[in-house]
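>>> Mind looking at a prediction? Sequence and model below.
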Amino acid sequence: MLLQRRSKPDDDTPYLGYLELPQGKISKNESMEEAASRELREETGLELRAILLGGPSPYGSDEPTSSLTTFRPPICVVDTEQNHIGVAIIVTAGGRITSTQEAAEHEWVALHRIPGILASGCVFPLNRPMLEELLKRGSEISGALSEQEVQ
């Protein structure tokens, strides 16, 4: 899994320098997959190849003012204090990692190292429960990766 260090210069939170997953906000009229692809590229330089776990499904609606899609994330975290919803999806990516203004010190981390990283106390709070849940689902993730390698 890819972790990075927060380095956004205008970060007004106390979490500058914390480790995090590549992440960001969805833009107006952007699908979840488009947002994930854009954020991954902006923060890491990598290109999203495929969503392995979680994904979009069109939702037919008779409402003329809506275009609805359901999205099955493997993990969703809600922060009711800061009014954030974090959705984790598992993807494969290609390309070369590049440091950006938003994130630096990217590192590929094996699942068995995550408990030690969580114990350090320097993980972005919205990502902590995501990483803990990913640990619980390690075999599911490994299975999805193995299946992708076969394709």
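Thanks, I have it.

>>> going forward, measure contacts between C-alpha atoms and count neighbours the same way
Fine.

>>> Tell me how many other residues surround residue 114.
17 (other CA atoms under 10 Å).

>>> and the helix or strand hosting it, what other elements does it pack with?
Following DSSP states H and E, one finds residue 114 within helix 114-119. In terms of contacts (3 or more CA pairs under 8 Å, 6 or more residues apart in numbering; DSSP states H and E), helix 114-119 is packed against helix 128-136.

>>> Can you name the residues bridging to the closest residue to residue 117 other than its chain neighbours?
In this structure, residue 117 finds its nearest non-sequential neighbour in residue 123, 7.5 Å apart by CA to CA, 6 or more residues apart in numbering. Bridge pairing for residue 123 (DSSP bridges) gives the partners residue 19.

>>> What about residue 123, how many residues nearby?
Residue 123: 22 neighbours (other CA under 10 Å).

>>> Which parts of this protein are strands?
Assigned by DSSP state E, the chain shows strands spanning 2-6, 19-20, 47-53, 55-59, 68-72, 75-79, 84-88, 90-94, 103-108.

>>> quick one: average pLDDT of the fifth one?
Okay, so that is strand 68-72. For strand 68-72, mean pLDDT is 75.

>>> coming back round to it: which stretch among the strands of the chain is buried most, on average?
Of all the strands of the chain, strand 19-20 has the most neighbours on average by mean count of other CA atoms under 10 Å, namely a mean of 24.

>>> rewinding a little: chain center to the helix holding residue 114, what's the gap?
18 Å (CA atoms, centre = their mean, to the nearest Å).

>>> Just the residues contacting it, thanks.
Under the contact criterion CA atoms under 8 Å, 6 or more residues apart in numbering, helix 114-119 has outside partners 123, 128, 131-132, 135.

>>> now these in TSV, with distance to residue 76 and pLDDT?
Conversion of the contacts of helix 114-119 to TSV gives the following (distance: CA to CA, whole Å; pLDDT from 0 to 100):
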residue	distance to residue 76	pLDDT
123	17	95
128	12	93
131	11	92
132	12	91
135	15	86
